[in-house]
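# starting from these lines, generate the structure:
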Amino acid sequence: MRDAPVLLTVLAAVAAGLWAWRRWHHQSFWLVVGYPITALSVLASWRRVALGCGLTKKRQRFWFTTVPGMVASTGVVKVKRRFQRIAVDTKPFMWLPMPTRHGWRVTLHTLEGQTPGDYADAAERLAHSWGVHAIRASSPRPGRVVLMATMRDPLVKVDHLPASTDLLKVTVGRLENGKPWTIDFRTVPHWLNAGATQSGKSNLANALIIGLSPQPVALVGFDLKGGVEFTPYGPRLSALATSRAETVTLLDDLVGLMVDRMGLCRQAGARNIWQLPPGIRPTPIVVLVDELAELYLMADKSEKDEIAKTSTALLRVAQLGRAFGIYLFCCGQRIGSDLGPGVTALRAQCSGRICHRVNDPETATMTLGDLDPAALVSARAIPAETPGVAIVAGQDGQWYRARSFYVTEQAAEHAARAYADLAPAWDEITSHLPESINA
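Numbers count the residues shown, from 1 in each chain. The predicted structure follows:
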């Protein structure tokens, strides 16, 4: 009995130590304590979980049974053998779960007739069965499915990462797998960024301003809200259009630049500007479009011709701009097919997709629906209290939950002023174009 207080004290000290270990160094605690317990629990519960989630298959097995019989005349006991058919549940074979930074992953062997979509459909049920934040299913090769489990949401708090030093590549946040979220215009040239007010859409544009300002690129803005969004960044912008008439003129310049660079590449025998010698390589241009819908909305028939010119020119830039160093980042609260066929055609050219919380289902469908239905479901489930969280599709052909760093407008304005000397004058960029284009 005397040892009881001492034992309680030791247990309390151990519990406090474990709590502090987990609180202050979660990574090592997870690898040493949490992972082994979780791995054993997952392996032990897999048959029950697979059955509950409908991932098992009924198989027929045959068992031999012996039935004794007596021959009365000789007293000899004869044994008869016969089949008995029994139906059993067969679960997919599971390898040992392996630890990751935010949870664990495990590889499964699919059963006959199963596809990775079966596991993707059951992902939410698997997450609830194992008590984890989320389960993602992927297939590295036929017959194999990898389940990636996230123990807790890594996007609750996102710390800033070091800025990228690569040209036209900007680190804007973090992906749900813990890796940096980067927007690389060299890899994915055109992006579509949808999001409602206060969803993080403008914050992402601010992050791009900060990341691109110190780079040797020209920034061009289209802001049909009277310039209230992009005017503060004017010192770093080479050109800014704030009305539809200015938009038509600026897009004509971009198309003219594209044609001029096309001829330059043809003369040099290059397929794109990146194959040109550095001495004659033109400056890359990143076009930032705010409120894409404003380019297509028509108040009366007098605007019909301007809208048609705008739609055609923007689509031409999207179709041909990549090879000639002109890249698009189009933002909008509302992106729907009702805006006209021009928006649908532009969407097809934007292989990079970002969908924050949106107000209407059609905008989410327009942004992600043609890529992955599961991504669409996740986008529509983004809560209002998590600004900056988005569904991202682009770089590697897959989609991820991600969250951008919080960037204040003051920080973006400061970056625009600090690197104002790197903004090439638009007159210098277009000085060699024909007068008919510059007029």
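# using the three-state scheme, assign the spatially closest residue to Trp95 that is not a sequence neighbour.
Excluding the flanking residues, the one nearest Trp95 by C-beta to C-beta, 6 or more residues apart in numbering is Thr107, at 4.7 Å. For the C-beta atoms, the positions are set from N, CA and C on the backbone; glycine is no exception. Of the three states, Thr107 takes strand according to DSSP: H, G, I helix; E, B strand; the rest coil.
# quick check: beta-bridge partners of Thr107?
Assessed by DSSP bridges, Thr107 has beta-bridge partners Val146.
# wait, isn't it in contact with Gly143?
No: the criterion here is C-beta atoms under 8 Å, and Thr107 misses it with Gly143 at 10.4 Å.
# these two: which has the busier surroundings?
A count of neighbours by other C-beta atoms under 10 Å puts Thr107 above the other of Thr107 and Gly143, at 15 against 11.
# so for the more buried one, what pLDDT did the model give?
With respect to pLDDT, Thr107 scores 95.
# how close does it sit to Gly52?
To Gly52, Thr107 is 21 Å away according to C-beta to C-beta, to the nearest Å.
# same deal with Val286?
Taking C-beta to C-beta, one finds Val286 at 50 Å from Gly52.
# these two: who's more crowded?
More crowded of Val286 and Gly52, by other C-beta under 10 Å: Val286, with 23 against 15.
# can you tell me the element Thr182 falls in?
strand 180-184 (DSSP states H and E).
# output whichever helix or strand comes after that strand as PDB, nothing but the C-alphas.
Counting by DSSP H and E, the element after strand 180-184 in chain order, helix or strand, is strand 190-194. Taking Å, rounded to 0.1, in the frame of the first residue of the first chain, the C-alpha atoms of strand 190-194 are listed here in PDB:
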ATOM      1  CA  HIS A 190      -2.400  29.300 -67.500                       C
ATOM      2  CA  TRP A 191      -4.400  29.200 -64.300                       C
ATOM      3  CA  LEU A 192      -8.100  29.700 -63.400                       C
ATOM      4  CA  ASN A 193      -8.700  30.900 -59.800                       C
ATOM      5  CA  ALA A 194     -12.300  30.900 -58.500                       C
END
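# residues in contact with whichever helix or strand comes after strand 190-194: which ones?
Using DSSP H and E, the helix or strand that directly follows strand 190-194 along the chain is helix 201-212. Helix 201-212 is contacted from outside by 163-164, 168, 170-173, 183, 193-195, 219, 229, 233, 236, 286, 288, 290, 329, 331, 333, 354, 356, 387-388, 390, 404-409, 411-412, 415-416, using C-beta atoms under 8 Å, 6 or more residues apart in numbering.
# ok, of those, which come out buried?
164, 168, 170-173, 183, 193-195, 219, 229, 233, 236, 286, 288, 290, 329, 331, 333, 354, 356, 387-388, 390, 404-405, 407, 412, 415-416 (16 or more other C-beta atoms under 10 Å).
# just the ones of these in strands?
170-173, 183, 193-194, 219, 286, 288, 290, 329, 331, 354, 390, 404 (DSSP state E).
# right, and out of these, which lies closest to Trp24?
Gly173 (24.9 Å; C-beta to C-beta).
# if the closest one is in a bridge, with which residues?
Trp181, Ser404.
# how about Lys58?
Asp89.
# what about stretch 174-194, average pLDDT?
Per-residue scores along stretch 174-194 average to 91.
# buried ones in it, by neighbour count?
174-177, 181-185, 188-194.
# what of stretch 236-243?
So, applying 16+ other C-beta under 10 Å, buried residues of stretch 236-243: Arg236, Leu237, Ser238, Ala239, Leu240, Ala241, Thr242.
# Serialize those residues to a markdown table and add fields for secondary structure, pLDDT and distance to Leu276.
Output for the buried residues of stretch 236-243, formatted as a markdown table (DSSP: H, G, I helix; E, B strand; the rest coil; pLDDT from 0 to 100; distance: C-beta to C-beta, whole Å):
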| residue | secondary structure | pLDDT | distance to Leu276 |
| --- | --- | --- | --- |
| Arg236 | helix | 96 | 25 |
| Leu237 | strand | 96 | 25 |
| Ser238 | strand | 96 | 20 |
| Ala239 | strand | 96 | 23 |
| Leu240 | strand | 95 | 28 |
| Ala241 | strand | 95 | 28 |
| Thr242 | coil | 93 | 33 |
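# the helices in the stretch 201-350 of the chain, which residues?
Ranges of helices in the stretch 201-350 of the chain, per DSSP state H, counting those that start in this stretch, are 201-212, 244-268, 304-320, 341-349.
# will you turn these into TSV that also has mean neighbour count, mean pLDDT and distance to Lys58?
As requested, the helices of the stretch 201-350 of the chain are arranged in TSV below (neighbours: other C-beta atoms under 10 Å; pLDDT from 0 to 100; distance: least, C-beta to C-beta, whole Å):
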stretch	mean neighbour count	mean pLDDT	distance to Lys58
helix 201-212	24	94	49
helix 244-268	17	93	61
helix 304-320	17	91	51
helix 341-349	18	89	44
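# out of these, which comes closest to Pro361?
helix 341-349 (15.7 Å).
# which SSE is Ala402 in?
strand 399-404.
# could you list every helix and strand in contact with that strand?
strand 169-175, strand 180-184, helix 201-212, helix 373-380, strand 389-393 (3 or more C-beta pairs under 8 Å, 6 or more residues apart in numbering; DSSP states H and E).
# try it again at 10 Å.
strand 134-138, strand 169-175, strand 180-184, helix 201-212, strand 352-355, helix 373-380, strand 389-393 (3 or more C-beta pairs under 10 Å, 6 or more residues apart in numbering; DSSP states H and E).
# wait, which of those is closest to Trp95?
That would be strand 134-138 among the helices and strands packed on strand 399-404, by C-beta to C-beta, at 14.8 Å.
# so what's the residue nearest to the spatial centre of the chain up against?
For the chain, the residue nearest the mean C-alpha position is Val392 (2.0 Å; C-alpha atoms, centre = their mean). The neighbourhood of Val392, defined by C-beta atoms under 10 Å, 6 or more residues apart in numbering, consists of 172-173, 175-176, 181, 183, 191, 193, 352-355, 368, 375, 379, 398-404.
# repeat the analysis, applying 8 Å as the threshold.
Val392 neighbours (C-beta under 8 Å, 6+ apart): Leu175, Trp181, Arg353, Ile354, Trp399, Tyr400, Arg401, Ala402.
# Ala149 is nearest to which of the helices of the stretch 201-350 of the chain?
helix 201-212 (27.8 Å).
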